[in-house]
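Enquirer: From the sequence below, what's the structure:
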Amino acid sequence: MKILIAFFSQTGNTRKIAGALYEELAVGNQVDLAPIDTIGPDAAGTYDLVFVGSPCHAGGLAAQANAFLTGLPQQGTFKLAGFITHASSAYERAGFDKCIAAFETISKGKEIPFLGCFDCQGYLSPDIQPYVKKAKKVSDKEWDGIIEAMTGHPDSQDEKKARQFARATVNAV
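Expert: Down below sits the predicted model:
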């Protein structure tokens, strides 16, 4: 099977999950791993299965991932799967559920079969931590707990679950 794993990552969280998917899928398949900014959405038509990865930004997909998805051809000859990383200890589940729903909405509108989305905890970039803390209106002690909960993610268990998702997705094709 010919598979593309296209991803956008700012802090390395989504790149780490893309790597786990690649490691799992590269055995017995032809797999290309590419940052979204190095491949156009029209290339998706040369694959059987396309995974698209994105961090969750304020309840939505990163602009780069969204642009890639919306640029996919109508009624593609491939199947689509997604993966996202998020700072779930800092946000409500409903926030990153919107990211998953974006994959579903775009694939439905483009009439591309959607095989599901993997999500996992990521580490919130230190550059935006002060803004999120302020928006959440939490105490320093509560914030320290939030940061502690996300530290080290994605971890080996997250990568293991990503590999399981990859296997299940390929088996569904």
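Enquirer: okay, now residue 18: neighbour count?
Expert: Residue 18 has 24 neighbouring residues, counting by other CB atoms under 10 Å. No exception for glycine: its C-beta is placed from N, CA and C like everyone else's.
Enquirer: excluding its backbone neighbours, what's nearest it?
Expert: Spatial nearest neighbour of residue 18, excluding adjacent residues (CB to CB, 6 or more residues apart in numbering): residue 7 at 4.2 Å.
Enquirer: That neighbour contacts residue 14, doesn't it?
Expert: Yes. In this structure, residue 7 is within contact of residue 14 by CB atoms under 8 Å, at 5.2 Å.
Enquirer: What segments of the protein are helices?
Expert: For the chain, helices defined by DSSP state H occupy the ranges 13-25, 63-70, 93-110, 129-136, 140-150, 156-172.
Enquirer: and among these, the most buried is which?
Expert: For these, the largest average neighbour count (mean count of other CB atoms under 10 Å) is found in helix 13-25, namely a mean of 22.
Enquirer: Using PDB, list the CA coordinates for it.
Expert: The C-alpha coordinates for helix 13-25 follow below in PDB (Å, rounded to 0.1, in the frame of the first residue of the first chain):
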ATOM      1  CA  ASN A  13       4.800  16.900  19.400                       C
ATOM      2  CA  THR A  14       3.000  16.200  16.100                       C
ATOM      3  CA  ARG A  15       6.300  15.300  14.400                       C
ATOM      4  CA  LYS A  16       6.900  12.700  17.100                       C
ATOM      5  CA  ILE A  17       3.600  11.000  16.500                       C
ATOM      6  CA  ALA A  18       4.200  11.200  12.700                       C
ATOM      7  CA  GLY A  19       7.400   9.300  13.300                       C
ATOM      8  CA  ALA A  20       5.700   6.600  15.300                       C
ATOM      9  CA  LEU A  21       3.100   6.200  12.500                       C
ATOM     10  CA  TYR A  22       5.900   6.000  10.000                       C
ATOM     11  CA  GLU A  23       7.900   3.400  12.000                       C
ATOM     12  CA  GLU A  24       4.800   1.200  12.200                       C
ATOM     13  CA  LEU A  25       3.600   1.600   8.600                       C
END
